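K.L.:
What follows is a predicted structure for the sequence shown.
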Amino acid sequence: MILRDSVYRDELESMLKEVEQRAYHPYVQRYVRYPDINLFQLHFLFLFLHQTGISSALRRHYCISQMLIQLGLDSHDHVDNQKVSSDDSLKQRQLTILSGDHFSGHYYHYLAEHGEVELIHKWACVVKTINEDKTRLYMEHDLLSQEDVLCLKRQIKRRIPESVLNWFDAPDLWYAILETFVCLSTHVEEGFPPDETFESNVERLKELIDRLGDRTLKGEFTLWLDKIEQAYLVIEP
Amino acid sequence: MNLMDIYQELKDDIHVIEQELFRSIDSHYPLIEEAASHLLKAGGKRIRPVFVLLGGKSGVYDIERLKHVAVALELIHMATLVHDDVIDDAETRRGKPTVKAKWDNRVAMYTGDFIFAQALSRITRLSDPRVHQILSKAIVDMCVGEIEQIQALYQWNQSLKTYFMRIKRKTALLMAISCQLGGLVCNAPEPVVRALYRYGYYVGMAFQITDDILDFTGSEKQLGKPAGSDLRQGNITLPVLASFRNPAIRDAIINEFKSGSPDMPKIINLIKQSGGIHVAKTIAQRYLEKARRSLEDLQSVYSKKTFIQITDFIEQRTY
């Protein structure tokens, strides 16, 4: 896991552990593979919030709640329209739906326990918008151009971290890093071959990371840059 | 007398809540609004919002605060129904096609999540952290209850305690906190808020047990599904567990299922012969009695009277 090389490894791992302890249900895990946690999103938000100077407790509230929200959203993306062919696949679908609801309930419960009512409200607005975007993408997928589809996918991916940047009135550089990284990761996930746009985005990301100034921040983001570059690493015979 | 006659005095405030419910599902993407309003337009008993309002009568009644709780609880209930229809592969609800039937599973997922987000957006207009601690805990417990209901399917050896825990989470909790939060946001005295919770809990338990009885005693026309559907899907409810006190009946029912094609009319007859329905009715009545006794501490004559009428309605409910 890439976060093992982070200087903030202990703090990040303890947050991942808390999510697991709170929201992973042993019976569900027997039938359902939980979605992977978006580690870049966690790391990005952690680094951004760290440099804002907010307390570590508050930083943790943001990071843990966004993981629970994302897990809830991602779980429901796995519910398809196929007719179920066996009792096990029926159970798998039922538990996938319930696990998504369970994650969403836990985001609310976690923040309520910490008295973060305003943050619950802010996240609810983001989740509403994401579901509107997802419905549009799903319903209009075949009507939109490939570029529009990609654009909408990137927009959905950016919603959560971008919202945090908005709430803290972040400098443009952070938006640019996020946008470029999302472009690159979407490129890889869609299975597109490396092309000029990809190469120029890699260069742009390097340049943006350089502009961060802070050596620790540069080191942390470089971990992700390396991972992106390795996705297309070709070893010659 | 139907529930709407009972609610007559709350008519204006229920109208406010209906309007707020429609306002809450407003979306810039028309399809999601259409899917959400589809269920809303199908109506429903609105028992949770009514419980919130009646709870509020025990304190300093304030519709401006109560409406946030009432709308949020009804939205949470709706979001659950939209997802439950995918879980149960249900084609109709309240006589209309379900969201998943009219559109598909994926649209139902996004619509349910959208409605849930709107519920949280609405309830967070109240800043009292106690409201959120109570509601969020109940939501998590409800999800766990649903997960455990799947875990308990076809578990013939489950205890009565397991069943009661399950229906508490599945139904009674949301009714209990509806009453409780109504009192809480209107600053009702602490013992009264506790009494309101107990009332909602007992009524909710009786409501679900009655539902479970009707699964065997109702007709297909009344239920909107064949009698015995819950048991056919492996959901072992109180009338079944009570019938298991007779080992011969227990074995006969389990053997029917082991055969791979259970004869449901035969199983329903066995349950009726066993006295399982009678036992379940007696337990439901005990819960209703406890609900009535919980009302003794309430000072509002109107809410006490209305709560009693609702209790009587649930007692006489035939479908």
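P.N.:
On my side now, so go ahead.

K.L.:
How is chain A partitioned into domains?
P.N.:
A:2-144, A:171-237 (automatic domain parsing).

K.L.:
Check which residues of the helix or strand hosting residue A:184 are buried.
P.N.:
Using DSSP states H and E, residue A:184 sits within helix A:172-189. Residues A:174, A:177, A:178, A:179, A:180, A:181, A:182, A:183, A:184, A:185, A:187 are the ones in helix A:172-189 that count as buried (16 or more other C-beta atoms under 10 Å in any protein chain shown). Any C-beta I mention is one placed from the backbone N, CA and C, and that applies to glycine too.

K.L.:
what's it packed up against?
P.N.:
helix A:39-52, helix A:146-167, helix A:196-211, helix A:215-231 (3 or more C-beta pairs under 8 Å, 6 or more residues apart in numbering or on different chains; DSSP states H and E).

K.L.:
Highest mean neighbour count out of these?
P.N.:
helix A:39-52 (a mean of 19; mean count of other C-beta atoms under 10 Å in any protein chain shown).

K.L.:
Is it correct that residue A:57 falls within a strand?
P.N.:
No. Read with DSSP: H, G, I helix; E, B strand; the rest coil, residue A:57 is helix and lies in no strand.

K.L.:
Which among the domains of chain A is found nearest to residue B:89?
P.N.:
If you check each of the domains of chain A against residue B:89 by C-beta to C-beta, domain A:2-144 wins as the nearest, at 7.9 Å.

K.L.:
which stretches of the chain aren't confidently modelled?
P.N.:
Picked chain A for this. A:233-237 (pLDDT under 70).

K.L.:
was after chain B, sorry
P.N.:
For chain B (pLDDT under 70), the answer is B:1, B:318-319.

K.L.:
Kindly list the longest helix within it.
P.N.:
Secondary structure of chain B per DSSP state H: the longest helix is helix B:190-217.

K.L.:
what residues are up against the residue nearest the centre of chain B?
P.N.:
Central residue of chain B (C-alpha atoms, centre = their mean): residue B:171, 4.1 Å from the mean position. By C-beta atoms under 8 Å, 6 or more residues apart in numbering or on different chains, residue B:171 lies in contact with B:204, B:205, B:207, B:208, B:211.

K.L.:
ok, which of those also contact chain A?
P.N.:
The overlap between the contacts of residue B:171 and the neighbours of chain A (C-beta under 8 Å from any C-beta of the partner chain) is empty.

K.L.:
Redo the residues you listed as JSON lines? Include distance to residue A:133.
P.N.:
Listed next are those as JSON lines, based on distance: C-beta to C-beta, whole Å:
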{"residue": "B:204", "distance to residue A:133": "36"}
{"residue": "B:205", "distance to residue A:133": "41"}
{"residue": "B:207", "distance to residue A:133": "38"}
{"residue": "B:208", "distance to residue A:133": "37"}
{"residue": "B:211", "distance to residue A:133": "37"}
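
K.L.:
For these, give me CSV that also has neighbour count.
P.N.:
As requested, the contacts of residue B:171 are exported to CSV (neighbours: other C-beta atoms under 10 Å in any protein chain shown):
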residue, neighbour count
B:204, 28
B:205, 24
B:207, 23
B:208, 23
B:211, 19
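
K.L.:
And those, which is closest to residue B:106?
P.N.:
Taking those together and measuring to residue B:106 by C-beta to C-beta, the closest member is residue B:211, at 29.0 Å.
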